[in-house]
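1. Compute the structure for the input listed below.
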Amino acid sequence: MKPHAESCDQNRGPILSVLKPRLEDCSRVLEIGSGTGQHAVYFASAMPHLFWQPSDRAENLPGIRLWLDEARLSNLGDPLCLDVTQVVWPEVDVQAVFSANTVHIMHWPQVQALFAGVGKLLPGNGHFLLYGPFNYSGNYSSDSNRHFDAWLKARDPGSGIRDFEALNALAEQAGMMLEEDIAMPANNRILYWRKSV
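-> Have a look, this model is predicted:
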């Protein structure tokens, strides 16, 4: 049976409305942490000009393949095995990277590895779009995010909602500059960085 995340059904429309105009000049996108594979299928279907390359850790690839096999989209790649902490990332030629709901699950060294890896992977003017909940100056943007953070840390003390300022510092170290910080439903955001030329 295919894995299913209700949150993907809820957030895919608003995310698409942000991605579509910002990825018009791109032909290939790498998704890091594709999870169930639902986003990959939905976005590839809605943006046929893009080749959408899903990726995740090895244990999630079979579930992603179930979604891909059912969709049978020609602009959807076979999922790549990618752990952000691996020394050598798969060689992919992309103009953009997208990741949703990943950095609050990762431990901080993994978050650092994610940004460093994306910075190395992207060409000049490449896009990095990161979706999820974020704190600002150490403050929660809502009570629901405060409760969610407590739940995350009870489950795994190394996880938790990340501060925008810390993430932006990692992006700048990796040669990426913030283009936009976009408000999304349910107290989420999309942070959009562009790689320096």
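2. Run through the chain and note the low-pLDDT ranges.
-> By pLDDT under 70, the chain has no low-scoring segment.
3. Try it again at 90.
-> 1-10, 197 (pLDDT under 90).
4. where exactly do the helices run in it?
-> 6-22, 38-46, 61-71, 108-121, 143-155, 164-173 (DSSP state H).
5. what sits up against the second one?
-> Residues external to helix 38-46 that are found in contact with it (C-beta atoms under 8 Å, 6 or more residues apart in numbering): 4-5, 8-9, 12, 15-16, 19-20, 29, 31, 34, 50, 52, 54, 64, 67-68, 70-71, 73, 75-76, 79, 98, 100. All C-beta spots, glycine's among them, are computed from the backbone N, C-alpha and C.
6. hmm, back to that, ranking the helices of the chain by burial, who's on top?
-> Compared across the helices of the chain, helix 38-46 shows the largest average neighbour count, a mean of 21 (mean count of other C-beta atoms under 10 Å).
7. report the angle between the axes of that helix and helix 6-22?
-> Angle, helix 38-46 to helix 6-22, by axes from the mean of the first three to the mean of the last three C-alpha atoms, to 10 degrees: 40 degrees.
8. Specify the beta-bridge partners of the residue nearest the centre of the chain.
-> Geometric centre of the chain, nearest residue: S99, 0.4 Å, by C-alpha atoms, centre = their mean. In this entry, S99 is beta-bridged to L130, by DSSP bridges.
9. Verify the stated contact: it with E31.
-> Yes. Taking C-beta atoms under 8 Å as the definition, S99 is a contact partner of E31 at 6.8 Å.
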